[in-house]
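Engineer: Here is my input, please return the structure:
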Amino acid sequence: MIELLKSLSIHQYDCELIDIRIEETNPIQISFFQKMFLNYNEEKKIGAFIRVFSKNKWYYVATTELKNLESELHNLLISAGVSTIQDKNKQIVYSETHHDLLGQRSDYAYRQSKEDKIAFLAEVRKEFENDNLVLNPYVAWKDNVLHKYFINNQGIVYSYNKAFSGIRASYSLKENDSIFDTYFLKVARFTNEFDSYVEEFRADFAEAKLFINAPTIKPGKYVTVLSPQATGIFAHESFGHKSEADFMIGDETMALEWEIGKKVASDMVSIIDSGAEETNSGYCPFDDEGNPSKKTYLIKDGILTGRLHSKKTATILKEENTSNARAINFEWEPIVRMRNTYVKKGDLTFEEMIKPIEFGYFIKTTKHGSGMSTFTIAPSRSYKIENGKLTDPVKINIATGTVFQTLFDIDGVGDTLEIQSQVFGGCGKQYQSPLDVSFGGPHIRIKSLNLS
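Structural biologist: The predicted model follows:
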C-alpha cells in the first residue's frame, strides 16, 4: 500500500497540501441469543480518503476503488483550480515510520478459527443454562482489526496496524417483580488473556445476583468513590469532550471558562490524553493528518494545561497541535477526537481511600455517561461504604454534578491505573460513531456528589 501511495508522486503537484490515507478493516462478530446461534458477520472493507487544500479551502473524496486513486486526485485538483501537471524535477525525501504490531506475534486472539470462537462462546453460554433467574442471555465475540497507511505531499509517510478482541455476556436477572440488567465485558489482544474469562464471568455472575433486590438509595449528596471504570467515564465524557478545541471556536464564553493556566481541579488531579500506548484500543501513533502521537496533559496538578487540537483548531487558537485529528474510517474527514483519556494515578490504596469514610457509596460499574459543563453517570453496581468498609449492594440511578466543582471535590486518588478498551461500540461525535478510544484511571474519592 505504501508503494502504491508513493507511486502517485503527490509531492510533484503545485498544491499547498495533499494527503491520502488508506484503511483496511476486518471486523468480525459472532453472537448467541438465548440458546440459538444468532449471527456470524464478517465485513472486510478497504478504501481511501483523499484531501486537497488550496486557497484556504478543503476538497476531499472517499473511494473504495484504489485503482482510481490517481483519477480521483486529478478531479479534486481540477475542482480546487490546481494544475494536474506534475513537476518531474521536484524531488522529496520521505520521512517514514511504520508500526507493524501484528507481525510481531502470532498469538493475537483474532487469528483463532471461527470454530474455536464459536466453541468458546458456547462454553460461556452454558453458564446461563438451568438458571431460572436469567432472561434474554446474549453472548458475543468481536474482533476489530485495522491497517492504516498515510502519505502527504510534505513527505510524511506512515503505516500502523492494531487488533483488539472482546467478549461480552449481557443478560437480565428477574426475581418476582425485580429486574436487574447487567453485562460482563473483557477486551484484550492475545489469546491467553481470555483463558480466565469463564472463571471471571462466574464470579461476576454470582455478584450480579446480589443486585436483583438491592434497595435504591435515598437521593442526596454523599462521599463517593469511583472505580477505575467510572473514573474513565468521568474523564472521557465529562472532561475529555470539553477539551476538544473545536467546541471553543467562536465561543468566547467557553474560551474564558477554559483559559489555559487556570486552576480547575484539586492539586492531586491530572488528566492525560495519549495515543502512544499499544496496549489499549485508543492506540494511534499518528493522527489522520500525519502528526505523530504525543502525550497531552489536559490538567496537570489541578491546572488546565492543554486541550485537544487538529491542525485547524491549533492554528485558529494559536496553540500547539496535539495530533488529535481522527476519523472513524476512510469515508469521513478527520475532526478533533480523543484517543486514550485517563486520570493519572496517585498514591492511595483502595483500603486507605475508604478507611476515613463513615458513610458513603462506591460506584463499581456503570451503564453509560454523558456531559459537558454538567455531567451524568448511570451506575450499574454500587455498594454502601460504612465505617471505612464496603457493605451492602445498592442501586443508584444517577450520579450528577458540575464538572469543575467535582474536579475540585476530588480528595483522594488511587495508586493503581486501569484502562478500559473498546470493541463493542466506541465514542460518538458529529455523526461519526463509533470511534475506537479507551479511557480509565485509578479509584478516585469525591467528597460530595449528587446521587439519586
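
Engineer: from here on, contacts and neighbour counts on C-alpha atoms
Structural biologist: OK.

Engineer: Restrict the lowest-mean-pLDDT helix or strand in the chain to CA atoms and write it as CSV.
Structural biologist: Sorting the helices and strands of the chain by mean pLDDT, DSSP states H and E puts helix 252-257 at the bottom, at a mean of 79. The C-alpha coordinates for helix 252-257 follow below in CSV (Å, rounded to 0.1, in the frame of the first residue of the first chain):
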residue,chain,number,x,y,z
GLU,A,252,-15.9,33.4,23.8
THR,A,253,-17.7,32.3,26.9
MET,A,254,-16.2,28.8,26.7
ALA,A,255,-12.8,30.2,25.8
LEU,A,256,-12.8,32.2,29.0
GLU,A,257,-14.1,29.3,31.0
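
Engineer: next one: it to chain centre, how far?
Structural biologist: Relative to its chain's centre, helix 252-257 lies at 26 Å (C-alpha atoms, centre = their mean, to the nearest Å).

Engineer: who does the next helix or strand along the chain from that helix pair up with?
Structural biologist: Following helix 252-257 in sequence order, the next helix or strand is strand 271-274 (DSSP states H and E). Note on strand 271-274: by DSSP bridges, its sheet partners are strand 296-300 (antiparallel), strand 340-343 (antiparallel).

Engineer: Out of the ones you listed, flag the one nearest Phe184.
Structural biologist: strand 340-343 (21.4 Å; C-alpha to C-alpha).

Engineer: could you list every residue that touches Lys55?
Structural biologist: Taking C-alpha atoms under 8 Å, 6 or more residues apart in numbering as the definition of contact, Lys55 has no neighbours.

Engineer: Mind doing that once more with 10 Å?
Structural biologist: Cys15, Glu16, Ala80, Gly81, Val82 (C-alpha atoms under 10 Å, 6 or more residues apart in numbering).

Engineer: need the strands for the stretch 301-450 of the chain, in chain order.
Structural biologist: 303-304, 325-326, 335-336, 340-343, 359-371, 374-386, 389-394, 399-402, 410-413, 418-421, 427-429, 432-435, 438-441, 444-451 (DSSP state E, counting those that start in this stretch).

Engineer: okay if I get those as TSV plus distance to Asn213, mean neighbour count and mean pLDDT?
Structural biologist: Shown next, in TSV, are the strands of the stretch 301-450 of the chain (distance: least, C-alpha to C-alpha, whole Å; neighbours: other C-alpha atoms under 10 Å; pLDDT from 0 to 100):
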stretch	distance to Asn213	mean neighbour count	mean pLDDT
strand 303-304	43	21	96
strand 325-326	44	24	98
strand 335-336	43	24	97
strand 340-343	33	29	98
strand 359-371	17	20	90
strand 374-386	12	21	94
strand 389-394	9	18	97
strand 399-402	20	18	93
strand 410-413	31	22	98
strand 418-421	28	22	97
strand 427-429	32	15	91
strand 432-435	34	18	94
strand 438-441	29	28	97
strand 444-451	19	21	97
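
Engineer: how about those strands, which one is nearest Ser9?
Structural biologist: strand 325-326 (24.1 Å).

Engineer: Which strands and helices lie in contact with the closest one?
Structural biologist: helix 311-317, strand 335-336 (3 or more C-alpha pairs under 10 Å, 6 or more residues apart in numbering; DSSP states H and E).

Engineer: For Glu289, identify the helix or strand it belongs to.
Structural biologist: Glu289 belongs to no helix or strand, assigned by DSSP H and E.

Engineer: Can you tell me the closest non-neighbouring residue to it?
Structural biologist: Ala325 (6.3 Å; C-alpha to C-alpha, 6 or more residues apart in numbering).

Engineer: Kindly provide the distance from the one you found to Asp87.
Structural biologist: 30 Å (C-alpha to C-alpha, to the nearest Å).

Engineer: likewise Tyr149?
Structural biologist: According to C-alpha to C-alpha, Tyr149 and Asp87 sit 25 Å apart.
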